[in-house]
Structure formats: structure tokens, C-alpha cells
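Structure of the sequence below:
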Amino acid sequence: MVLRVMPISMSESISHDAIRQMVMRAAAMSAKALTSTDQSPEGRLRTLMEGHGEVLAARGPGQPLPFDAFLQMLTGDLARLLPDGVPPEEMTGVHLINDDGLFEEDLYDLDQEQREVARAVHKATREGRSTSLAELEQEMDQVTVYSGLRKRGTQDAYVKGRSDLSRMPAGTETEVRRLNLPSIVGQFYRPISFAALYEQWWFACPVCRWPMKVTQHRSRKSVTGRVRCFYRPHAELMGASYTFKIPDAGKPPSLIPGAPPPAPTGAASVLAPDLRGPVPQPLPAAGYLALTRGPWRYTTVPGLVEIALYDALRSRGFTAAPEPYMSPVALGVGGDCPGAVTLWPYQDAYDLHVDVWHHSSETESFLLDIKDFTSEKLLAKKIQADGGDAGGAEWIVVPDHREASLPLLRGVCEEFRLNVATAGDMGEKICRRAGVRWV
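This next block holds a predicted model:
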């Protein structure tokens, strides 16, 4: 097999962001092929050679990389694959393959987030200026999901559809059919992925309800099974991580929970999921469907935080409003109501609109956009490319487990007069302004 590689000169009009994205995509598909047990040896080799060619193109003719060296680098720090002079930024310290010799699932998030930045940059390119990122732009599944939900035409229909995707990312064929989603959205429910199966069984994450990843690990004396959510914070910070002993043939495994992680305290405790119930039970793959990964990761997962914040405010006395800026009289509520909250206003221009009604008859409004990026650096770049928040929000809100990203985001958001907070702190601030308790 001979691959023709068209090298990219560093003097050509290509940004460091584009080079990082090219290397990330090539490395991700190569690492997955290297660790895959499903592909044929010929298919794995073909994918590895294609990935090698992509990396060579990104590095340029002055920085060769032999195939055997490329394979060795796939097991190490991703930044080593970049050409000299390109800062690694969000790729710093990222490993393609974990200590168990398995593909590192966080790479999926970084790849998708790089594409979001690429789209924002491309969208901002005007007046005939070309961008080398145009050829990299691909429509992501969740964009199709959102446009499909909007075709129903009403705010209520949109909110119901988005809520259903967050509350039921997996279910029986009958349950999915009863959601009555537009066909363009319903097509993203597919049979349970092989990566989430032990023989014919799968387990739903207790946090997001999506099928968890199933792996087996061999030692000299035994084989142990592991089950954990594909979304790292659910597995490592919220307890969606289990082991199991290999059962007799034809029988499902019984999950053993690990040590519970420390429970969140303070403002973050309000939105934390309660996992004190029974461990997930095995479910048969036959007759079940689950969302594909894109809609799950970028609709279901952030939607859980959005809905949790909405529900928490409702339980503290805020009334539901079909649209922002409605008065207490229009909503038919009394003077003891602290305010109103709208979920995904204007069919998802931003995520939450909260009006706090003060006794002086003045209204204080909070326009929130909840962002859950694995890489805060890529989120910062997207905010810069959008020139602030694309939907007009005034607050960028991150899940409580992303609190470490706040310093970087504040520095970027100040330029666009955007405020930044964690979801728990945001809820506490709104409640304090409304004169009600959060915790």
C-alpha cells in the first residue's frame, strides 16, 4: 500500500489550532486502531498508516517521523507528535492510551471540542478571507439533533424533546418510541454499543443512564471485569465505577462498587447526584437502544446540569415561565414568589433565564449558558472566536467539578463582559438575591 502525503509547509496559511486538530484526529483514530480487538489486522494497519500520513502532513517535510517511531509515540504524551514550534496547549500531558493499554476516552471529548472551536473560527471568517479549517469542518450529530427539535416549532415541544434526551439517553425500543421524537432525532438511538457489552448484557450509569464501558483485565492468576461511565467525572468523582468477577457462561455479572468518592459540600452539594441506591443491574442488549455518543456527550451530559439547576430553583419557589421577562401578574403568582425560571429560552438561545422579582417592583435577570468542556483552554478559545457568548448569555456557568477552570475563563470572559461561575455557586447567588435559601 502506498499513501501519497501532501506535506503542509509551516509558511502556508494554516494556524496552530488547525495543526493541533489534524494531529489529534490522526492520533485518536490510530490509537483506537492500535488497541482495537474488533478490527481485522489488515484494517488496523490501514488505519495506522493513514494516521501516520496525516501526522506527517501536519509536521511538514522538515520533521520526518518513521512509522515505528510513530507507533511508539502513540503510547506516550500526545504533544510529542506535534511539529516543533507548535505549542501543545490543550494537548499538554494528554495520553492516547491509558495504563491498562486501552484507548483513552477523553480524547473523544478533546477531538469534538477542537471541532467546535474550528466551526466558530470558520463562522467568524468573512469578506472572502479563506481559512484552512474549512476542510476540517464537519456537522456534529448534536447540531442535527437541535435543528430537528426546533422543527416542532414551539418552545414547549423543544423543551420536552431536549429534556427527554437528557432523562432517557437509553431505553427499550417501546420507551424510545413513546418519546415521539422527530424522526431526524430518533435516528440517533441505536443498538447498544459493543464497547458497553459483557456478552449480551449492559449496565446503565447511575448518573446519566447511558450504557457504561465494559472491559476485562488479565493478571497472572485471574481475569477481572470493570464497568465505568464513559464520562470520566461520573466515573471518578461521582462513583459510577465498578468491578465484577467473571461469571459462569451465560450468566450476567454482578457489579461491586468501589470506594465512594468524597461527597460535595457547600453550594455544590445541592446539584450533586444521589447514588445511595442499589448498584446498576444487568440489562439485556436485545430490545434496548441508546443515543450515539455525540448527542449523549453534548446534549445529555450538560443537560443533566441544566435540568438539575432548573429543578433546584423550582423547588425553592421559583415559578416556571414559558418565556423570559414575564411579570408575576402575567404568570398568575403572588407576591411571595421569588421569581421565574425558563429552561432553554427562545429554543436554546442560551440554557437558563432567571428573573428575580424584588419588592421594589424591579426585576433582576440572569442569562446563563452552561458549558461542559473537557478542556478549559478550548472553551476559552471558543468564547474568543464567538466574541463572547453566541446566544447572548451574560453568565458562563460550568459544572461544579470544573471549578478549576474558573481562573482561565474569567481572564477570557472579562474582555466580553461575561461573568463566570460554577453551577452550585450560581444557584446560591440567585437565591441570595431572591432572599431564599440555597443550601
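
Can you get me a residue count around the residue nearest to P302 when sequence neighbours are not counted?
Once flanking residues are discounted, P302 sits nearest to D372: 4.3 Å by CB to CB, 6 or more residues apart in numbering. Glycine gets a C-beta too; all of them are placed from N, C-alpha and C. Using other CB atoms under 10 Å, D372 has 23 neighbouring residues.

can you confirm D372 is in a helix?
No. Counting by DSSP: H, G, I helix; E, B strand; the rest coil, D372 is not part of a helix but coil.

Point out where the stretch 1-150 of the chain drops to low pLDDT.
1-14, 37-39, 99-108, 110-142 (pLDDT under 70).

redo that, cut-off 50
Applying pLDDT under 50 to the stretch 1-150 of the chain flags residues 1-13, 125-139.

Help me confirm that W296 is found in a helix?
Yes. Assessed by three-state DSSP, W296 belongs to a helix.

Contacts only, for it.
169, 208, 210, 290 (CB atoms under 8 Å, 6 or more residues apart in numbering).

what are the bridge partners for the last one, then?
By that I understand A290. Beta-bridge pairing for A290 (DSSP bridges): A170, R190.

what's the neighbour count on it?
26.

Could you check the pLDDT of it?
If you check A290, the pLDDT there is 97.

what separates it from L165, distance-wise?
Using CB to CB, to the nearest Å, one obtains 11 Å as the distance from A290 to L165.

Check the second one too.
Note on C208: its distance to L165, by CB to CB, is 11 Å.

next one: I307
From I307 to L165 the distance is 11 Å (CB to CB).

which stretches of the stretch 301-439 of the chain form strands?
Under the criterion DSSP state E, counting those that start in this stretch, strands of the stretch 301-439 of the chain are mapped to 319-320, 339-343, 352-357, 363-370, 395-398, 419-422.

Nearest to G153, out of those?
With CB to CB, the closest approach to G153 among these belongs to strand 339-343: 17.3 Å.

neighbours around G93, how many?
Neighbours around G93, by other CB under 10 Å: 9.

right, I mislabeled it, should have said R410
With other CB under 10 Å as criterion, R410 counts 15.

contacting residues around it?
V420.

Give me the local confidence score for it.
95.

Adjust the sequence numbering to begin at 14 for everything that follows.
Sounds good: first residue 14 from here, last item R423.

which one is M439 nearest to, not counting chain neighbours?
Nearest to M439 is V410, by CB to CB, 6+ apart, at 5.1 Å.

One more: P351?
Using CB to CB, 6+ apart, the closest residue to P351 is A447 (3.7 Å).

I figured the one you found was touching V369, is that so?
Yes. Counting by CB atoms under 8 Å, A447 does reach V369; the two are 4.6 Å apart.

Overlap in contacts, these two.
351-352.

if we can go back for a sec, for the contacts of W309, which two are the farthest from each other?
C221 and A303 (10.7 Å).

Looking at strand pairing, list the partners for V240.
According to DSSP bridges, beta-bridge pairing links V240 with V227, Y255.

who's in contact with it?
Counting by CB under 8 Å, 6+ apart, V240 has contacts 211, 216, 225-227, 254-257, 266, 268, 293.

nearest to L94, of those residues?
Once CB to CB is applied, the member of the contacts of V240 that ends up nearest L94 is K226, at 25.0 Å.

hmm, back to that, contacting residues around the residue nearest to M439?
Per CB under 8 Å, 6+ apart, neighbours of V410: 322, 364, 381-384, 433-436, 439.

do you know how far it is from A209?
For V410, the distance to A209 - CB to CB - is 30 Å.

go on, R327?
For R327 relative to A209 (CB to CB), the value is 33 Å.
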